[in-house]
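In: next input, structure requested:
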Amino acid sequence: MTISDVELAAADLKADDVAALAEAASTMRRAWRSLRGWYPASHEGRIAADGSVLDLRHHEFVVSRAWRSLTCQFCWRPEIIGMVPSLGLRHCPEHGHQKPMLDDPFPLEGEELQRAKQRAWSHLRPKLGVPLKYENCALESARSTPSIAIAKQYRDVEDDELLCKCVVLYGGPGCGKTWALRAAYRDAVLEKTRHETRDQIVFFDFPQLITLLLNADERAGTLEKCYQADELFIDDLGSSYLKRDGLVQGLIEQIFIEREQQSYSMLLSTNLPPKKFRTAFGDRVYDRIAGEWGEWIDVSGPSLRRKAPRR
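Out: Numbering: from 1, shown residues only. You can find the predicted model right below:
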């Protein structure tokens, strides 16, 4: 029985029974949704966001019988569709596939959303090869730095200023550029997972990218990823030696040319000041960053790695 059921049946119950039932419900544990807005089967018996008891398992998820429509045995009440897994539960033989309301009355937000993101990232991070050091690297909780401010702006889908831009974070070692790129990458991956999109999100450390481009067996696949990625992150450009007019410099140049022609976005970082960057990567790369497609942003600051001196 759900909390709403208590209200509906109040006229038929004694006042003491209603109070006892309400007290029992209040002691039940709250359920926490996954990143896609569904409740895991392990939360059976807990209270959902609408106050219903989760009492009906479906494979690895659990729903509430109280969510069923009063007019169709296969349909769900429209306001709770977002909490019903789309894996075989939202289809009605008579009315077809049910879609969530645009104005969700029970949005996944606040503490529940942050919990869901952290659980999902703990699962995804090792599969993506992200070092353990960045387990808790997130835009929401990161220390406020110029790099993080730009990364947030870059990831803000409502902000047109940095959309379809090649954004380069420039600053000395330790000012938070890598942390910002990692946090932005995490955000992009989690948004893709949450909304079940097919976006390709690709991250490379520059030395890793050079190694792959020098490998004849890996080169074509690596270039394809760089060309086609919906979002491409490259950290620490120029941190490895790049032979002028060599093979890798030409391939890096081609990546910039391809992405500029398609107006695809990139978020990059480098320790090289503009003049040295131009020398390392050539005029054709630098001019594209200096043009309308690019944005060169100085995020210099004191090293965040240094410990405060002992007194």
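
In: could you use CA atoms for every contact and neighbour count after this?
Out: Will do.

In: pLDDT below threshold where in the stretch 1-150 of the chain?
Out: By pLDDT under 70, the low-scoring segments of the stretch 1-150 of the chain are 1-27.

In: show me the helices in it, by range?
Out: Secondary structure of the stretch 1-150 of the chain (DSSP state H, counting those that start in this stretch): helices at 3-8, 15-26, 110-128, 146-155.

In: packing partners of whichever strand or helix holds residue 222?
Out: In this structure, residue 222 sits in helix 219-228 according to DSSP states H and E. Secondary structure elements in contact with helix 219-228, counted by 3 or more CA pairs under 8 Å, 6 or more residues apart in numbering; DSSP states H and E, are helix 206-214, helix 247-261.

In: format the ones you listed as JSON lines; extra columns: distance to residue 224 and mean pLDDT.
Out: Compiled in JSON lines, those are given as follows (distance: least, CA to CA, whole Å; pLDDT from 0 to 100):
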{"stretch": "helix 206-214", "distance to residue 224": "11", "mean pLDDT": "95"}
{"stretch": "helix 247-261", "distance to residue 224": "9", "mean pLDDT": "94"}
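
In: find the centremost residue of the protein, please.
Out: Using CA atoms, centre = their mean, the residue of the chain that lies closest to the mean C-alpha position is residue 190, 2.4 Å off.

In: on that earlier part again, between the helices and strands packed on helix 219-228, which one is nearest to residue 33?
Out: Nearest to residue 33 among the helices and strands packed on helix 219-228 is helix 206-214 (36.2 Å), distances taken as CA to CA.

In: run the chain-centre distance for the closest one.
Out: Put simply, helix 206-214 sits 25 Å off its chain's centre (CA atoms, centre = their mean, to the nearest Å).

In: cool, and stretch 248-267?
Out: Averaged C-alpha coordinates place stretch 248-267 at 24 Å from its chain's average position (CA atoms, centre = their mean).

In: any buried residues in stretch 42-49, and which?
Out: When neighbours are counted by 16 or more other CA atoms under 10 Å, the buried residues of stretch 42-49 are found to be 43-49.

In: could you measure from residue 199 over to residue 271?
Out: Counting by CA to CA, to the nearest Å, the separation of residue 199 from residue 271 is 29 Å.

In: I meant to write residue 188 there.
Out: 24 Å.

In: also residue 138?
Out: Separation of residue 138 from residue 271 (CA to CA): 22 Å.

In: rewinding a little: and the helix holding residue 222, C-alpha only, in PDB?
Out: The C-alpha coordinates for helix 219-228 follow below in PDB (Å, rounded to 0.1, in the frame of the first residue of the first chain):
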ATOM      1  CA  ARG A 219      46.700   5.200 -36.900                       C
ATOM      2  CA  ALA A 220      43.600   4.900 -39.100                       C
ATOM      3  CA  GLY A 221      41.200   4.100 -36.200                       C
ATOM      4  CA  THR A 222      42.700   6.900 -34.100                       C
ATOM      5  CA  LEU A 223      42.300   9.500 -36.800                       C
ATOM      6  CA  GLU A 224      38.700   8.300 -37.400                       C
ATOM      7  CA  LYS A 225      37.900   8.900 -33.700                       C
ATOM      8  CA  CYS A 226      39.400  12.300 -33.800                       C
ATOM      9  CA  TYR A 227      37.600  13.300 -37.000                       C
ATOM     10  CA  GLN A 228      34.100  12.000 -36.000                       C
END
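
In: quick one: contacts of that helix?
Out: Contacts of helix 219-228 with the rest of the structure, by CA atoms under 8 Å, 6 or more residues apart in numbering, involve 200, 202, 209, 212-213, 232, 251, 255, 258-259.

In: do the same with stretch 63-71
Out: 1-2, 39, 52-57, 74-77, 80, 83-84.
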